[in-house]
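**Student:** Whatever this is, show me its structure:
(chains A, B and C)
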Amino acid sequence: MNIGILDYGAGNLKNVCRAIEHLGYSYQLVATPEGVASVDKLIIPGVGAFKVAMEQLKALELIEPIKQLAEASVPIMGICLGMQLLFEQSAEFGISKGLGILTGSINLLPETNSVGNKVKVPHIGWNELIIDNVESTIIDNLSSNEALYFVHSYRVEAFDEANIVAHCRYNGLKVPAIVQNRNIIGCQFHPEKSGLVGLKILANFLNN
Amino acid sequence: MNNVRLISRLDIKGDNLIKGVHLEGLRKLGDPQSYAVKYYQQGVDEIIYMDVVASLYGRNNLSEIVERTAKDVFIPITVGGGIRSIADVRHLLRCGADKVAINTAATQNPNLLSEIAEVFGKQCTVLSVEATRHSNGEWGVYTDNGRERSVFEVREWVTKAVTLGAGEIMLTSVDQEGTGKGFDLELIEMVSKEVNVPVIASGGMGTVEHIIQANQAGADAIAMADVLHYNKMSFKDIRQACKSSGLQVRNTL
Amino acid sequence: MTEKRNIQQMYDLPTAVKFCTKCTISNQRPRITFDDKGVCSACNFAEFKKTGIDWETRGQELQALCDRHRKGDGSYDVIVPCSGGKDGSYVSHMLKYKYGMNPLCVTWSPLLATELGRKNLDNFIKTGFDHILGTPNPVVTRKLTQLAFTHMGDPFQPFIYGQTNFPMKMAIQHDVALIMYGENGEVEYGGNMKNALSPTREIADHDGHYFSGKPPEFWEEHGLSKADLAPFSAPPMQKIRDNNTEIHFFGYYKYWDPQECYYYSREHTGFTPNTERSEGTYSKYASLDDQIDGFHYYLAFIKFGIGRTTSDTAHEIRDDKIDREEGIALINRYDSEFPAKHFQTFLDFCNIDEEEFTQVIDSWRSEHLWEKVDGEWQLKTDIMRS
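**Tutor:** Okay, the predicted model is just below:
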């Protein structure tokens, strides 16, 4: 199986690589249209700014190849910023277009919740998943009450409810944690940084 | 309610884990890797590596330690000490760091914070504050491992830094650091009121009661050093004691 | 106009400046020697400390010494010269609480105490020690400091004499034979190595002849009387002998590590470091109690090209806290720093103006060390360039 990790200057690349290695898999770093086209599974990592990331993808001419991969039903997992890039647009530093593979937009977490309490932004910390779609294989072998590591200032909004596998609650806000539309999966948290639980989720993606 | 993060902080000089008191003294404790792995296995939430002499000596060289640790430790790693440029940050993130903590360089060039936030994101940009209380009741911002007085006071500095792009604050009380006598609660309260980003309290942890106090004062996370490195309490016991006291912390199996 | 001094002759200094290949000290440190590998005597002694001494035996010697001197009848059995700083506090606490002695702690008052120094001394005493503070007539102290600065290039000379002689006076007064210092500075830092294997130093080696190396006429000429000088002077040699006075060094009996003294005194005697580094160096925990301190170190920088950072890094390298490269980075940053914080205080204390100060300083700049480059004084060699 040819596992590809997208290398577009995202930042937390090596952590994902290490986690994959730790699970006993080998991988390739892909940074060209040919590379992307050649993989059986693709992981899009991401730490940083949406706009800058999309500009980098554009410069490397990777936008179309990724979209084609998605069309071809090749499993793709986006992590954190990588997940956010899958959506239509983001409001970070003005409106930026995303890959548009999933329905929804990326918006800043509000600094007060619906009852007027202060919410610290970014959301940094371990948060428990609330499962919305028990059928998804990505959450196999996860027990309830297992927390994963979130570190982000933006969340997915205006999404298709059918695409939510799990969410978490942060100071009264609903934060989509795992999204899925057939072969496309997104994790808002960092599975490569969430200890054993996170490694389980990565393993689920790589196994299924 | 959110889970309070329990973080282990490792002060590094060269190849060694060191531990001072009031950010003074370079007593060597051993290989940082072995401590980090131990804490990870015991269920710590994050690791912070601080190169305490980087600014003082005008260098930085944590990349090797970060790389080694990232191989075996799958929780967030924050790295600080002598970070002065975008290139420094990029290098450390590629080595395996998730967040970078900046102090000295930011006080000399505050715009560095916005530059880093713009490229890597606010959530990656941690402001490290070394605070010492002055006789007028305010706290001064110190650099170079808590020994050079900057022009800033903590109150205005944290506000400015967050506006520029800092997404988290690691707040170290130099007065309490290494004493095990508890955190500077007034400092934590003051900073938590000034800014709306997560605050990590550092310096003074001795008992679980201190953690509860710090959280009540506004801290979202607690950094521990002394109590762990000198084996005064095992991390497992700390987490268990937190749970028993009713503090919300994540479950680890 | 202050006459130019011949430093090389006074201190017997070599013309060519060389640096130790292991630490950062130079051959300009009076009485230091370098071996044929270019390693200084202090480094060689440090190596010997680590590998050539059986500390277990030395510890037993300390136990025997204490057993011999311990009185157990409620009277004092050891004098510990201290200041509230980390070293004396460590020695006092160890002797009292580990070796069961009954120490009388003795401090010679700083010229101009700092707030932190005073606080540290108070905290130390409060931990549980009997203590005597010797305060000579401040008017006299000022005059002596002024004269010492102007005529001898070291404002601290009279203080050092008092600090050396007061414990002996207290020893005689309180019927105590044993005086226990921290480390033997001559042995640890590259001075005269004759006592490298000895726990003691000979009191006869103190300059008993003249006070601060100047004859009595000098002081009388400047309006000071025998009564004025008495508190600073050594007690008569006969009385010292009759008291069976012995000066010992704790550093002979226990491996001496000043940084570990910091940790110890921080934990046990309420010692607090400064919030900022001391001027001219990088540390926060050493020599904190006198506002005039900085000028003593600055003059050493002028006379020998050896600033406070050089001295501090040299022994921290020997103690394995930092390496030579790190030491050089610190020297580059701090060694030549002028002690500006208390400059005006110093001028006022010595009753001189800035011009006079500069004249005195410049009179101690030896040609073999200093040159003027573009109107500014610069060291001809420093460790960064060598």
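**Student:** Now do B:Gly167 against chain A, distance only.
**Tutor:** 5 Å (Cβ to the nearest Cβ, to the nearest Å). Backbone N, C-alpha and C define where each C-beta goes, glycine included.
**Student:** burial count for that residue?
**Tutor:** By other Cβ atoms under 10 Å in any protein chain shown, the residues close to B:Gly167 number 26.
**Student:** In terms of pLDDT, where does it sit?
**Tutor:** As predicted, B:Gly167 sits at a pLDDT of 95.
**Student:** give me phi/psi at the closest residue to it other than its chain neighbours?
**Tutor:** Leaving aside its sequence neighbours, B:Gly167 sits nearest to B:Lys122 (Cβ to Cβ, 6 or more residues apart in numbering or on different chains; 3.4 Å). Dihedral pair for B:Lys122: phi -60, psi -30, per degrees, to the nearest 10.
**Student:** So which residues on the stretch 101-250 of chain C come close to chain B?
**Tutor:** Residues of the stretch 101-250 of chain C found near chain B (Cβ under 8 Å from any Cβ of the partner chain): none.
**Student:** Helices along the stretch 101-250 of chain C, start to end?
**Tutor:** Under the criterion DSSP state H, counting those that start in this stretch, the stretch 101-250 of chain C contains helices at C:115-128, C:138-152, C:157-173, C:185-188, C:216-221, C:226-229, C:237-242, C:250-253.
**Student:** Could I get these in TSV, plus columns for mean pLDDT and mean neighbour count?
**Tutor:** Shown next, in TSV, are the helices of the stretch 101-250 of chain C (pLDDT from 0 to 100; neighbours: other Cβ atoms under 10 Å in any protein chain shown):
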stretch	mean pLDDT	mean neighbour count
helix C:115-128	97	18
helix C:138-152	92	19
helix C:157-173	92	21
helix C:185-188	86	19
helix C:216-221	84	14
helix C:226-229	92	14
helix C:237-242	92	13
helix C:250-253	96	22
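**Student:** could these be laid out in CSV, adding distance to C:Lys341?
**Tutor:** As requested, the helices of the stretch 101-250 of chain C are exported to CSV (distance: least, Cβ to Cβ, whole Å):
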stretch, distance to C:Lys341
helix C:115-128, 13
helix C:138-152, 18
helix C:157-173, 19
helix C:185-188, 26
helix C:216-221, 31
helix C:226-229, 30
helix C:237-242, 39
helix C:250-253, 31
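**Student:** Averaged pLDDT, the helix or strand harbouring B:Thr78. What do you get?
**Tutor:** Using DSSP states H and E, the element containing B:Thr78 is strand B:77-80. Mean pLDDT, strand B:77-80: 97.
**Student:** go on, stretch C:65-80?
**Tutor:** Averaging pLDDT along stretch C:65-80 yields 97.
**Student:** mind checking how far it is from the chain centre?
**Tutor:** Relative to its chain's centre, stretch C:65-80 lies at 26 Å (Cα atoms, centre = their mean, to the nearest Å).
**Student:** Look up phi and psi at the residue nearest in space to the middle of chain B.
**Tutor:** Centroid check for chain B by Cα atoms, centre = their mean gives B:Met170 as the closest residue, at 4.6 Å. Main-chain torsions, B:Met170, degrees, to the nearest 10: phi -100, psi 110.
**Student:** Within its local environment, how many residues does residue 198 see?
**Tutor:** The chain I'm using is chain A. Residues within reach of A:Gly198, counting by other Cβ under 10 Å, total 23.
**Student:** right idea, wrong chain: chain C
**Tutor:** Residues within reach of C:Ser198, counting by other Cβ under 10 Å, total 13.
**Student:** Just to check, it is in contact with C:Tyr252?
**Tutor:** Yes: look at C:Ser198 against C:Tyr252 with Cβ atoms under 8 Å: they come within range, at 7.1 Å.
**Student:** So in chain A, which strand runs the longest?
**Tutor:** Longest strand in chain A, counting residues (DSSP state E): strand A:173-181.
**Student:** for the helix or strand B:Gln213 falls within, packing partners?
**Tutor:** Using DSSP H and E, B:Gln213 sits within helix B:208-217. Packed against helix B:208-217 by the contact rule (3 or more Cβ pairs under 8 Å, 6 or more residues apart in numbering or on different chains; DSSP states H and E) you find helix B:185-194, strand B:221-224, helix B:235-244.
**Student:** mind listing the helices for chain A?
**Tutor:** For chain A, the helices defined by DSSP state H cover A:13-22, A:33-37, A:50-59, A:63-71, A:81-84, A:195-207.
**Student:** how much distance is there from the fifth one to the middle of the chain?
**Tutor:** Per Cα atoms, centre = their mean, the displacement of helix A:81-84 from the mean C-alpha position of its chain is 4 Å.
**Student:** That helix vs chain B: in contact?
**Tutor:** Yes: applying Cβ under 8 Å from any Cβ, one finds helix A:81-84 touching chain B at A:Leu81.
**Student:** Could you do the third one as well?
**Tutor:** Yes: using Cβ under 8 Å from any Cβ, helix A:50-59 comes into contact with chain B via A:Val52.
**Student:** got the CA coordinates for that helix in CSV?
**Tutor:** Output of helix A:50-59 as CSV, limited to C-alpha atoms (Å, rounded to 0.1, in the frame of the first residue of the first chain):
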residue,chain,number,x,y,z
PHE,A,50,-5.2,28.6,5.7
LYS,A,51,-4.4,31.3,3.2
VAL,A,52,-0.7,30.6,3.1
ALA,A,53,-1.3,26.8,2.9
MET,A,54,-3.6,27.2,-0.1
GLU,A,55,-1.1,29.5,-1.8
GLN,A,56,1.5,26.8,-1.3
LEU,A,57,-0.7,24.1,-2.7
LYS,A,58,-1.4,26.3,-5.7
ALA,A,59,2.3,27.1,-6.3
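**Student:** could you check the angle helix A:63-71 makes with it?
**Tutor:** Here helix A:50-59 points in a direction 90 degrees away from that of helix A:63-71 (axes from the mean of the first three to the mean of the last three Cα atoms, to 10 degrees).
**Student:** Return the set of buried residues in helix A:50-59.
**Tutor:** A:50-54, A:57 (16 or more other Cβ atoms under 10 Å in any protein chain shown).
**Student:** Please work out the average pLDDT along it.
**Tutor:** Averaged over helix A:50-59, pLDDT sits at 92.
**Student:** repeat for the second one
**Tutor:** The predicted model gives helix A:33-37 an average pLDDT of 96.
**Student:** again with the shortest one
**Tutor:** Throughout helix A:81-84, pLDDT has a mean value of 95.
**Student:** and stretch B:179-198, is it in reach of chain A?
**Tutor:** Yes: residues of stretch B:179-198 contacting chain A under Cβ under 8 Å from any Cβ: B:196-198.
**Student:** Next to chain C, which bits of the stretch 101-250 of chain B? Give me the list.
**Tutor:** Proximity of the stretch 101-250 of chain B to chain C, by Cβ under 8 Å from any Cβ, involves residues B:132, B:140, B:142, B:144, B:146-149, B:174, B:178.
**Student:** how does it look with 7 Å?
**Tutor:** With Cβ under 7 Å from any Cβ of the partner chain as the criterion, the stretch 101-250 of chain B comes near chain C at residues B:132, B:147-149.
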